[in-house]
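*Asks:* Sequence and predicted structure are below.
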Amino acid sequence: MDIRVNTLKSNRDKVLKQLRRPDANPTTIALHGIRIESNKPFARQPNVQAEELFQKGRFEIQDEGSQIVGDLIFARAGESILDYCAGGGGKTLALSASMENKGQIHAYDSDKSRLAPIHDRLKRAGTRNVQTHSPGSDLSTLVDKMDKVVIDAPCTGSGTWRRRPDAKWRFDEKNLETRLQQQEEVLSEASPFVKSGGHLIYITCSIFPEENENQVYSFTEDNPEFEIVSAGEVWQELFGDEKPAPWSSDMKTVTLTPASTNTDGFLFLCDGT
């Protein structure tokens, strides 16, 4: 199990000491993560939600891969960010901490049930710079205003197969085709919110090139006002050369995999206008 320390309320060293778990250690790559190891086969994950530290908002449960993607977004205090597929709010919370509660995050999701958990999580984490938008909300005032628009796109979830190996047997070609169509739609819907000089950040929890490189290369071909920024350079600036490196065909996009980074599989790409 991986957890992310909420830097609005604590830091990694303090949480490690307060957890008092010999199996808890800093994550290899993520800047504010802790991994709780299990040496027993088929062991249950620890019930960290019962910890007082969790209840007080000192940390959140989040896979290291997802944490790394949050670090790569490079959110800074004072920015305006739209988290267009916010879901339960995991990345929204991480962005708020990176921004030190300064600036504004707009958390939107087209599914009201997916967005529902975010409210309690925001309160527990002590965030003050997040505004939530439910399905049907008028987002027109945000068009051309966002420094960063984050798309954690609907996908096949193949990046989670290391933890849910049975999911691969429920995957088929029709499922992939549906997700590809949804990704094209969400890219089209979200891109107008990026201001001139801003960034459109595309993320999937998938390892399939059809959902990843192929999708974003097609988008930039159809939208020449966007150009791909090297995610590999952002990686090197944040994490250096000594830590495990992600897979990449060209260092424009980076793909986290269980083999390369010992995390779930994630694709990260940044387009600039």
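*Replies:* Looks like it arrived, so ask away.
*Asks:* Going by C-alpha atoms from here, please, whenever you check contacts or count neighbours.
*Replies:* Noted.
*Asks:* Show me the longest strand that occurs in the chain.
*Replies:* With secondary structure taken from DSSP state E, the chain has its longest strand at strand 194-204.
*Asks:* Tell me which strands that one pairs with, and in which orientation.
*Replies:* Its sheet considered, strand 194-204 pairs with strand 146-152 (parallel), strand 266-272 (antiparallel) by DSSP bridges.
*Asks:* So for it, mean pLDDT?
*Replies:* Averaging pLDDT along strand 194-204 gives 97.
*Asks:* I'd like a version of the strands paired with strand 194-204 in TSV, one that adds mean neighbour count as further columns.
*Replies:* What follows is the strands paired with strand 194-204, written out as TSV (neighbours: other CA atoms under 10 Å):
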stretch	mean neighbour count
strand 146-152	25
strand 266-272	25
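*Asks:* Going by mean pLDDT, which of those strands comes out lowest?
*Replies:* Lowest mean pLDDT of those: strand 266-272, a mean of 88.
*Asks:* tell me how far it is from the chain's mean position?
*Replies:* Taking CA atoms, centre = their mean, to the nearest Å, the mean C-alpha location of strand 266-272 is offset from the chain mean by 11 Å.
*Asks:* re earlier: for my notes, please list the strands paired with strand 194-204 in CSV and give distance to residue 174 for each entry.
*Replies:* As requested, the strands paired with strand 194-204 are exported to CSV (distance: least, CA to CA, whole Å):
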stretch, distance to residue 174
strand 146-152, 21
strand 266-272, 21
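*Asks:* can you give me the strands in this structure?
*Replies:* Under DSSP E, the chain gives strands at 2-5, 24-26, 33-36, 59-61, 80-83, 104-108, 130-133, 146-152, 194-204, 227-229, 254-256, 266-272.
*Asks:* Check the gap between residue 106 and residue 85 for me.
*Replies:* Separation of residue 106 from residue 85 (CA to CA, to the nearest Å): 10 Å.
*Asks:* which one of these two has more residues nearby?
*Replies:* Between residue 106 and residue 85, counted using other CA atoms under 10 Å, the more crowded position is residue 85 (24 against 20).
*Asks:* Can you give me the distance of the closest residue to residue 265 other than its chain neighbours to residue 216?
*Replies:* Of all residues not flanking residue 265 in the chain, residue 159 sits nearest, at 3.7 Å (CA to CA, 6 or more residues apart in numbering). Applying CA to CA, the value for residue 159 to residue 216 is 18 Å.
*Asks:* can you list the weak-confidence ranges in the stretch 1-150 of the chain?
*Replies:* Within the stretch 1-150 of the chain, the stretches with pLDDT under 70 are 39, 41-43.
*Asks:* returning to that earlier point: hang on, the residue nearest to residue 265 packs against residue 266?
*Replies:* Yes - in this structure, residue 159 is within contact of residue 266 by CA atoms under 8 Å, at 6.1 Å.
*Asks:* one step back: right, so of the strands paired with strand 194-204, which gets closest to residue 129?
*Replies:* Nearest to residue 129 among those is strand 146-152 (14.4 Å), distances taken as CA to CA.
*Asks:* Dump that closest one to CSV, restricted to CA.
*Replies:* The C-alpha coordinates for strand 146-152 follow below in CSV (Å, rounded to 0.1, in the frame of the first residue of the first chain):
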residue,chain,number,x,y,z
MET,A,146,-6.7,28.0,-17.1
ASP,A,147,-2.9,27.7,-16.7
LYS,A,148,-3.2,23.9,-16.7
VAL,A,149,-6.1,21.6,-17.6
VAL,A,150,-5.6,18.1,-16.3
ILE,A,151,-7.4,15.2,-18.0
ASP,A,152,-7.2,11.9,-16.1
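*Asks:* I'd like the distance from it to the chain centre, please.
*Replies:* A distance of 11 Å separates the centroid of the chain from that of strand 146-152, by CA atoms, centre = their mean.
*Asks:* could you give the angle of that strand to strand 104-108?
*Replies:* Per axes from the mean of the first three to the mean of the last three CA atoms, to 10 degrees, the angle that strand 146-152 makes with strand 104-108 is 30 degrees.
*Asks:* Name the residues that touch strand 146-152?
*Replies:* Strand 146-152 has contacts (CA atoms under 8 Å, 6 or more residues apart in numbering) with 79-86, 186-187, 190-191, 193-195, 197-204.
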